[in-house]
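>>> take this sequence and fold it.
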Amino acid sequence: MTPVLHPALPLLLVATLTFRALRRALCRLPLPAHVRTDPLRTWRWHNLLVSFTHSIVSGIWALLCLWQTPAMLVEMETAWSLSGYLLVCFSAGYFIHDTVDIVISRQTRASWEYLVHHVMAIGAFFSGIFWRSFVGAGVMTLLVEVSNIFLTFRMMMKINNAQELLLYRVNKYVNLVMYFLFRLAPQVYLTKFFLQYAGQRNLGGFLLSILLMLDVMILIYFSRLLRSDFCPQPVTSRQHKDKFLTE
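Below you'll find the predicted structure:
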(Lines give C-alpha, C1' and ligand atoms only; values in the text may rest on other atoms or scores of the structure.)
Protein backbone atom coordinates (compact mmCIF):
# COMPACT_ATOMS: atom_id res chain seq x y z
CA MET A 1 0.00 0.00 0.00
CA THR A 2 1.38 3.44 -0.92
CA PRO A 3 2.29 5.47 2.17
CA VAL A 4 0.10 8.50 2.77
CA LEU A 5 2.60 11.30 3.35
CA HIS A 6 0.14 14.19 3.44
CA PRO A 7 -1.23 15.59 5.64
CA ALA A 8 0.62 13.33 8.08
CA LEU A 9 3.90 15.24 8.26
CA PRO A 10 2.31 18.68 8.84
CA LEU A 11 0.01 17.13 11.46
CA LEU A 12 2.95 15.55 13.28
CA LEU A 13 4.89 18.79 13.18
CA VAL A 14 1.96 20.82 14.50
CA ALA A 15 1.29 18.28 17.27
CA THR A 16 4.95 18.21 18.34
CA LEU A 17 5.25 22.01 18.37
CA THR A 18 1.97 22.27 20.27
CA PHE A 19 3.37 20.20 23.11
CA ARG A 20 6.60 22.20 23.04
CA ALA A 21 4.60 25.41 23.36
CA LEU A 22 2.48 23.85 26.10
CA ARG A 23 5.60 22.98 28.08
CA ARG A 24 6.86 26.55 27.81
CA ALA A 25 3.51 27.85 29.05
CA LEU A 26 3.35 25.38 31.95
CA CYS A 27 6.87 26.36 33.02
CA ARG A 28 5.46 29.78 33.93
CA LEU A 29 3.20 28.29 36.58
CA PRO A 30 4.33 28.52 40.23
CA LEU A 31 6.12 25.46 41.59
CA PRO A 32 5.41 23.65 44.86
CA ALA A 33 7.96 24.60 47.51
CA HIS A 34 9.43 21.11 47.73
CA VAL A 35 9.86 20.92 43.96
CA ARG A 36 11.52 24.25 43.22
CA THR A 37 14.46 23.54 45.54
CA ASP A 38 15.72 20.75 43.26
CA PRO A 39 16.47 21.30 39.54
CA LEU A 40 15.85 17.63 38.76
CA ARG A 41 12.47 17.67 40.46
CA THR A 42 11.65 20.93 38.68
CA TRP A 43 12.35 19.39 35.27
CA ARG A 44 10.39 16.27 36.15
CA TRP A 45 7.45 18.32 37.42
CA HIS A 46 7.20 20.24 34.17
CA ASN A 47 7.60 17.02 32.20
CA LEU A 48 4.76 15.41 34.14
CA LEU A 49 2.49 18.43 33.71
CA VAL A 50 2.72 18.00 29.94
CA SER A 51 2.16 14.25 30.31
CA PHE A 52 -0.84 14.88 32.57
CA THR A 53 -2.39 17.23 30.00
CA HIS A 54 -1.80 14.73 27.20
CA SER A 55 -3.37 11.93 29.23
CA ILE A 56 -6.53 13.91 29.96
CA VAL A 57 -7.02 14.99 26.36
CA SER A 58 -6.07 11.74 24.61
CA GLY A 59 -7.77 9.46 27.16
CA ILE A 60 -11.13 11.21 26.78
CA TRP A 61 -10.59 11.50 23.02
CA ALA A 62 -9.93 7.74 22.71
CA LEU A 63 -13.17 6.94 24.57
CA LEU A 64 -15.09 9.27 22.27
CA CYS A 65 -13.53 7.71 19.17
CA LEU A 66 -14.57 4.22 20.23
CA TRP A 67 -18.06 5.45 21.10
CA GLN A 68 -18.41 7.14 17.69
CA THR A 69 -16.81 4.26 15.72
CA PRO A 70 -17.38 1.02 17.69
CA ALA A 71 -16.11 -0.99 14.70
CA MET A 72 -12.61 -0.12 15.92
CA LEU A 73 -13.13 -2.56 18.77
CA VAL A 74 -13.43 -5.44 16.30
CA GLU A 75 -11.87 -4.43 12.98
CA MET A 76 -8.72 -2.90 14.45
CA GLU A 77 -6.77 -3.23 11.21
CA THR A 78 -9.26 -1.72 8.76
CA ALA A 79 -11.62 0.45 10.83
CA TRP A 80 -10.86 4.13 10.34
CA SER A 81 -12.21 7.51 11.34
CA LEU A 82 -10.86 11.03 10.91
CA SER A 83 -11.09 11.63 14.65
CA GLY A 84 -9.13 8.45 15.39
CA TYR A 85 -6.51 9.34 12.79
CA LEU A 86 -6.04 12.81 14.26
CA LEU A 87 -5.80 11.33 17.76
CA VAL A 88 -2.99 8.99 16.71
CA CYS A 89 -1.15 11.94 15.11
CA PHE A 90 -1.72 14.03 18.23
CA SER A 91 -0.28 11.36 20.54
CA ALA A 92 2.63 10.59 18.21
CA GLY A 93 3.47 14.29 18.41
CA TYR A 94 3.49 14.06 22.20
CA PHE A 95 5.86 11.09 22.19
CA ILE A 96 8.18 12.85 19.75
CA HIS A 97 8.16 15.97 21.94
CA ASP A 98 8.80 14.01 25.14
CA THR A 99 11.64 12.06 23.55
CA VAL A 100 13.32 15.29 22.45
CA ASP A 101 12.69 16.87 25.87
CA ILE A 102 14.35 13.97 27.68
CA VAL A 103 17.37 14.01 25.37
CA ILE A 104 18.01 17.78 25.35
CA SER A 105 17.48 17.93 29.13
CA ARG A 106 20.19 15.27 29.55
CA GLN A 107 17.85 12.90 31.38
CA THR A 108 18.51 10.00 29.01
CA ARG A 109 20.17 7.79 31.61
CA ALA A 110 17.52 8.34 34.29
CA SER A 111 14.64 8.04 31.82
CA TRP A 112 15.91 5.40 29.39
CA GLU A 113 12.82 3.23 29.97
CA TYR A 114 10.60 6.08 28.79
CA LEU A 115 12.76 6.47 25.69
CA VAL A 116 12.43 2.77 24.84
CA HIS A 117 8.67 2.98 25.32
CA HIS A 118 8.39 6.14 23.22
CA VAL A 119 10.41 4.71 20.33
CA MET A 120 8.18 1.62 20.23
CA ALA A 121 5.02 3.73 20.49
CA ILE A 122 6.13 6.07 17.70
CA GLY A 123 7.00 3.10 15.48
CA ALA A 124 3.59 1.55 16.07
CA PHE A 125 1.67 4.80 15.54
CA PHE A 126 3.46 5.48 12.27
CA SER A 127 1.76 2.42 10.77
CA GLY A 128 -1.58 4.09 11.33
CA ILE A 129 -0.36 7.54 10.34
CA PHE A 130 1.46 6.77 7.07
CA TRP A 131 -0.30 3.59 5.93
CA ARG A 132 -3.74 4.17 7.47
CA SER A 133 -3.72 0.62 8.82
CA PHE A 134 -4.42 -0.36 12.41
CA VAL A 135 -5.77 3.08 13.32
CA GLY A 136 -8.35 1.29 15.45
CA ALA A 137 -5.58 -0.55 17.29
CA GLY A 138 -3.81 2.77 17.86
CA VAL A 139 -6.96 4.23 19.40
CA MET A 140 -7.35 1.13 21.56
CA THR A 141 -3.80 1.47 22.89
CA LEU A 142 -4.54 5.06 23.86
CA LEU A 143 -7.17 3.91 26.34
CA VAL A 144 -4.13 3.53 28.58
CA GLU A 145 -4.08 7.31 28.88
CA VAL A 146 -7.21 7.16 31.05
CA SER A 147 -5.14 5.13 33.51
CA ASN A 148 -2.20 7.50 33.05
CA ILE A 149 -4.26 10.42 34.39
CA PHE A 150 -4.21 8.84 37.83
CA LEU A 151 -0.74 7.35 37.47
CA THR A 152 0.79 10.71 36.53
CA PHE A 153 -1.09 12.47 39.34
CA ARG A 154 0.37 9.88 41.71
CA MET A 155 3.91 10.56 40.51
CA MET A 156 3.43 14.30 40.86
CA MET A 157 2.31 13.86 44.45
CA LYS A 158 5.32 11.64 45.17
CA ILE A 159 7.71 14.23 43.77
CA ASN A 160 6.07 16.77 46.06
CA ASN A 161 6.43 14.38 49.05
CA ALA A 162 2.65 14.29 49.51
CA GLN A 163 2.28 10.54 50.12
CA GLU A 164 0.79 11.14 53.58
CA LEU A 165 -2.17 13.07 52.26
CA LEU A 166 -5.61 11.45 52.14
CA LEU A 167 -5.82 12.38 48.46
CA TYR A 168 -2.76 10.26 47.70
CA ARG A 169 -4.16 7.28 49.59
CA VAL A 170 -7.49 7.53 47.76
CA ASN A 171 -5.80 8.00 44.40
CA LYS A 172 -3.59 4.92 44.81
CA TYR A 173 -6.68 2.68 44.99
CA VAL A 174 -8.41 4.48 42.13
CA ASN A 175 -5.17 4.22 40.17
CA LEU A 176 -5.05 0.47 40.76
CA VAL A 177 -8.61 0.00 39.45
CA MET A 178 -7.91 2.17 36.42
CA TYR A 179 -4.70 0.25 35.77
CA PHE A 180 -6.72 -2.95 35.46
CA LEU A 181 -9.54 -1.42 33.40
CA PHE A 182 -7.63 0.79 30.99
CA ARG A 183 -4.12 -0.65 30.86
CA LEU A 184 -4.08 -4.38 31.59
CA ALA A 185 -7.49 -5.29 30.09
CA PRO A 186 -6.99 -3.46 26.75
CA GLN A 187 -3.46 -4.85 26.53
CA VAL A 188 -4.73 -8.41 26.90
CA TYR A 189 -7.43 -7.75 24.28
CA LEU A 190 -4.90 -6.25 21.84
CA THR A 191 -2.42 -9.09 22.37
CA LYS A 192 -5.12 -11.67 21.69
CA PHE A 193 -6.08 -9.85 18.48
CA PHE A 194 -2.50 -9.51 17.19
CA LEU A 195 -1.54 -13.13 17.88
CA GLN A 196 -3.18 -13.96 14.55
CA TYR A 197 -0.17 -12.28 12.91
CA ALA A 198 2.37 -14.46 14.72
CA GLY A 199 5.10 -15.65 12.34
CA GLN A 200 4.01 -13.31 9.55
CA ARG A 201 6.51 -10.92 7.96
CA ASN A 202 4.13 -8.02 7.55
CA LEU A 203 2.98 -4.94 9.40
CA GLY A 204 0.82 -7.03 11.73
CA GLY A 205 3.81 -9.18 12.70
CA PHE A 206 5.90 -6.06 13.32
CA LEU A 207 3.21 -4.57 15.57
CA LEU A 208 2.87 -7.88 17.43
CA SER A 209 6.57 -7.81 18.30
CA ILE A 210 6.21 -4.27 19.66
CA LEU A 211 3.08 -5.23 21.58
CA LEU A 212 4.76 -8.21 23.24
CA MET A 213 7.65 -6.00 24.39
CA LEU A 214 5.15 -3.51 25.77
CA ASP A 215 3.39 -6.37 27.58
CA VAL A 216 6.62 -7.14 29.42
CA MET A 217 7.17 -3.47 30.31
CA ILE A 218 3.60 -3.08 31.57
CA LEU A 219 3.93 -6.11 33.85
CA ILE A 220 7.22 -4.76 35.22
CA TYR A 221 5.62 -1.36 35.86
CA PHE A 222 2.66 -3.07 37.54
CA SER A 223 4.93 -4.99 39.90
CA ARG A 224 6.74 -1.74 40.76
CA LEU A 225 3.44 0.00 41.39
CA LEU A 226 2.27 -2.71 43.78
CA ARG A 227 5.61 -2.79 45.57
CA SER A 228 5.83 0.97 45.89
CA ASP A 229 2.26 1.72 47.00
CA PHE A 230 1.22 -1.44 48.83
CA CYS A 231 4.48 -3.07 49.95
CA PRO A 232 6.80 -0.09 50.53
CA GLN A 233 10.35 -0.56 51.74
CA PRO A 234 12.56 2.09 53.33
CA VAL A 235 15.07 3.61 50.91
CA THR A 236 17.93 6.04 51.32
CA SER A 237 17.51 9.62 50.18
CA ARG A 238 19.85 9.01 47.24
CA GLN A 239 17.88 5.96 46.12
CA HIS A 240 14.67 7.94 46.43
CA LYS A 241 16.06 10.71 44.26
CA ASP A 242 16.75 8.21 41.49
CA LYS A 243 13.59 6.15 41.89
CA PHE A 244 10.97 8.90 41.76
CA LEU A 245 11.78 9.35 38.09
CA THR A 246 10.24 6.02 37.18
CA GLU A 247 8.18 4.96 40.18
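
>>> once you drop chain neighbours, what's closest to the residue most central in space within the chain?
Closest residue to the average C-alpha location of the chain: Glu145 at 6.0 Å, with Cα atoms, centre = their mean. Leaving aside its sequence neighbours, Glu145 sits nearest to Gly59 (Cβ to Cβ, 6 or more residues apart in numbering; 3.7 Å). Backbone N, C-alpha and C define where each C-beta goes, glycine included.

>>> thought the one you found was touching Val146?
Yes. Counting by Cβ atoms under 8 Å, Val146 is a contact partner of Gly59 at 3.9 Å.

>>> roughly how far out does the host helix or strand of Thr99 sit from the chain middle?
Per DSSP states H and E, Thr99 falls inside helix 82-104. On the basis of Cα atoms, centre = their mean, to the nearest Å, helix 82-104 sits 10 Å off its chain's mean C-alpha point.

>>> again with stretch 126-146
Put simply, stretch 126-146 sits 13 Å off its chain's centre (Cα atoms, centre = their mean).

>>> end to end, how far does that stretch reach?
One end of stretch 126-146 to the other measures 22 Å (Cα to Cα, to the nearest Å).

>>> buried residues of it, list them for me.
126-130, 132-146 (16 or more other Cβ atoms under 10 Å).

>>> can you check stretch 155-164 too?
Met155, Met156, Met157, Lys158, Ile159, Asn160.

>>> same thing with stretch 207-219?
Leu207, Leu208, Ile210, Leu211, Leu214, Ile218.

>>> farthest-apart pair in the buried residues of stretch 155-164, please.
Maximum pairwise distance in the buried residues of stretch 155-164, criterion Cβ to Cβ, is 9.8 Å, between Met155 and Asn160.

>>> OK, contacts around the residue nearest to Glu145?
Taking Cβ atoms under 8 Å, 6 or more residues apart in numbering, we find Gly59 in contact with Leu142, Leu143, Glu145, Val146, Ser147, Asn148, Ile149, Phe182.

>>> now do the contacts for the third one.
It stands for Glu145. Counting by Cβ under 8 Å, 6+ apart, Glu145 has contacts His54, Ser55, Ile56, Ser58, Gly59, Ala62, Ser91, Phe182.

>>> quick one: low-confidence parts of the chain?
Along the chain, the parts satisfying pLDDT under 70 run over 1-6, 234-247.

>>> I figured Ala62 hits Leu86, correct?
No. Shown here, Ala62 and Leu86 do not form a contact pair, counting by Cβ under 8 Å, at 11.6 Å.

>>> the two - which one has more neighbours?
Ala62 (27 against 15; other Cβ atoms under 10 Å).

>>> residues in contact with that one?
Shown in contact with Ala62 (Cβ under 8 Å, 6+ apart): Leu87, Val139, Met140, Leu142, Leu143, Glu145, Val146.

>>> now do the lengthiest helix in the chain: distance to the chain's middle.
Using DSSP state H, we find that the single longest helix of the chain is helix 39-68. In terms of Cα atoms, centre = their mean, the centre of helix 39-68 is set 8 Å apart from its chain centre.

>>> in it, which residues are buried?
Using 16+ other Cβ under 10 Å as the test for burial, helix 39-68 gives 40-55, 58-59, 61-63, 65-66.

>>> ok so, going back, list residues touching both of Gly59 and Val146?
Jointly contacting Gly59 and Val146 under the rule Cβ under 8 Å, 6+ apart are Phe182.

>>> what's the helix holding Thr99 packed up against?
Contacts defined by 3 or more Cβ pairs under 8 Å, 6 or more residues apart in numbering; DSSP states H and E place helix 82-104 against helix 8-26, helix 39-68, helix 112-131, helix 135-141.

>>> now it against helix 8-26, angle please.
Helix 82-104 runs at 60 degrees relative to helix 8-26, counting by axes from the mean of the first three to the mean of the last three Cα atoms, to 10 degrees.

>>> just want the angle from helix 82-104 to helix 39-68.
170 degrees.
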